[in-house]
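Student: Could you work out the structure for the sequence below:
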Amino acid sequence: MSDIDVGTDESGIACVTLNRPDKRNAVNFAMWQSLGDIFECLGSDDHVRVVVLTGAGGYFSAGADISEFPALRADAKQGAQYERAGDRCARMIKSCPKPTIAAIEGYCIGGGLGLALVCDFRIARTNAQFAIPAARLGIVYGVFDTRNLVDVVGFSGARRILFSADRLDAGVAKDLGLVDELTEGSAMERARALAGRIASNAPLSISGAKSILLGLAEVANDALEAQAEALVAKALESEDYKEGVRAFSEKRSPRFRGR
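Tutor: Numbering: from 1, shown residues only. Predicted coordinates for the structure are as follows:
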């Protein structure tokens with residue numbers, strides 16, 4: 001059984017499903033790599049009109065698979081490689097010329113929320129929960145992920161989410177702008193309904209509008225990127241990061257010391 005399922009129906013609606021329900025669809029390193037390739041292929045497929053991203057088993061995604069961190073993200077060098085894979089994946093989703101919709105139920109946490117943020121629309125069931133727990137793990141979010149968050153919720157919302165690391169229910173997430181539409185029923189059904197309306201429109205009009213919107217939103221800042229890389233590396237070399245990962249695996253509260 002694949003960790004990522006992909007299917008496209010007759011109307012050109014492609015569904016990409018994270019398929020590790022026993023792990024609440026936590027994304028492992030191999031999935032970060034594959035998911036970027038999948039969206040790159042779907043973006044160049046003329047039959048595909050819209051892409052829906054969702055998760056199996058009642059969860060969107062609990063985020064990156066932290067159980068891999070001691071082996072694959074143990075220091076700044078490994079962390080940079082891991083970040084590159086995650087960033088490429090997110091960039092492939094964000095730059096996909098086809099409209100993208102995240103259909104969210106259950107957990108949408110950390111890297112899972114990062115995946116939802118780079119989709120064009122987020123439709124969530126009322127049982128959904130959202131958070132970025134980086135501050136509980138001693139991790140600094142990079143410029144790309146932080147910019148995506150700010151673009152959706154603004155600076156005030158981003159501060160609340162990043163500084164508190166609190167888990168937000170679907171209503172609060174909707175108020176902050178994380179969610180475009182809430183439903184008490186199936187998020188996938190609502191996502192398919194929206195996808196159907198979009199798929200009936202002219203593909204060149206949609207891809208052209210998306211390209212222009214992305215161009216308007218993108219602001220390059222090389223100096224900020226370099227500064228952020230240094231901050232990310234410093235955090236990954238810290239005692240706090242190692243403590244955060246240990247505490248997660250031991251299911252206890254971390255004891256951070258700021259070093």
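Student: Contacts only, for Leu214.
Tutor: Residues in contact with Leu214, defined by Cβ atoms under 8 Å, 6 or more residues apart in numbering, are 94-95. Any C-beta I mention is one placed from the backbone N, CA and C, and that applies to glycine too.
Student: could you check the distance from Glu237 over to Val52?
Tutor: As judged by Cβ to Cβ, to the nearest Å, Glu237 and Val52 stand 39 Å apart.
Student: Of the two, give the one with the bigger neighbour count.
Tutor: Val52 (23 against 14; other Cβ atoms under 10 Å).
Student: which regions of the protein sit below the pLDDT cut-off?
Tutor: Residues of the chain that meet the criterion pLDDT under 70 lie in 1, 72, 79, 218-236, 240-241, 244-245, 248, 256-259.
Student: which stretches of it form helices?
Tutor: 29-43, 69-72, 76-94, 111-117, 143-164, 170-176, 187-199, 203-217, 222-236, 239-249 (DSSP state H).
Student: Most tightly packed of those?
Tutor: Highest mean neighbour count of the helices of the chain: helix 111-117, a mean of 27 (counted as mean count of other Cβ atoms under 10 Å).
Student: Give me the contacts around that one.
Tutor: Against helix 111-117 from outside (Cβ under 8 Å, 6+ apart): 25, 27, 35, 53, 55, 60-64, 86, 89-90, 93, 102, 104, 108, 122, 130-132, 145, 148-149, 151-152, 178.
Student: burial of Arg24, as a residue count?
Tutor: Close neighbours of Arg24, defined as other Cβ under 10 Å, add up to 21.
Student: can I get the CA coordinates of stretch 194-210 in PDB?
Tutor: Output in PDB follows, covering the C-alpha atoms of stretch 194-210 (Å, rounded to 0.1, in the frame of the first residue of the first chain):
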ATOM      1  CA  LEU A 194     -15.800  23.500  -5.500                       C
ATOM      2  CA  ALA A 195     -13.400  21.600  -7.700                       C
ATOM      3  CA  GLY A 196     -16.300  20.800 -10.100                       C
ATOM      4  CA  ARG A 197     -17.200  24.500 -10.500                       C
ATOM      5  CA  ILE A 198     -13.600  25.400 -11.100                       C
ATOM      6  CA  ALA A 199     -13.100  22.500 -13.600                       C
ATOM      7  CA  SER A 200     -15.900  23.800 -15.700                       C
ATOM      8  CA  ASN A 201     -14.100  27.100 -16.400                       C
ATOM      9  CA  ALA A 202     -11.500  27.800 -19.100                       C
ATOM     10  CA  PRO A 203      -8.200  26.200 -18.100                       C
ATOM     11  CA  LEU A 204      -6.100  28.900 -19.600                       C
ATOM     12  CA  SER A 205      -8.000  31.600 -17.800                       C
ATOM     13  CA  ILE A 206      -7.500  29.800 -14.500                       C
ATOM     14  CA  SER A 207      -3.800  29.100 -15.000                       C
ATOM     15  CA  GLY A 208      -3.200  32.600 -16.200                       C
ATOM     16  CA  ALA A 209      -4.900  34.100 -13.200                       C
ATOM     17  CA  LYS A 210      -3.000  31.900 -10.800                       C
END
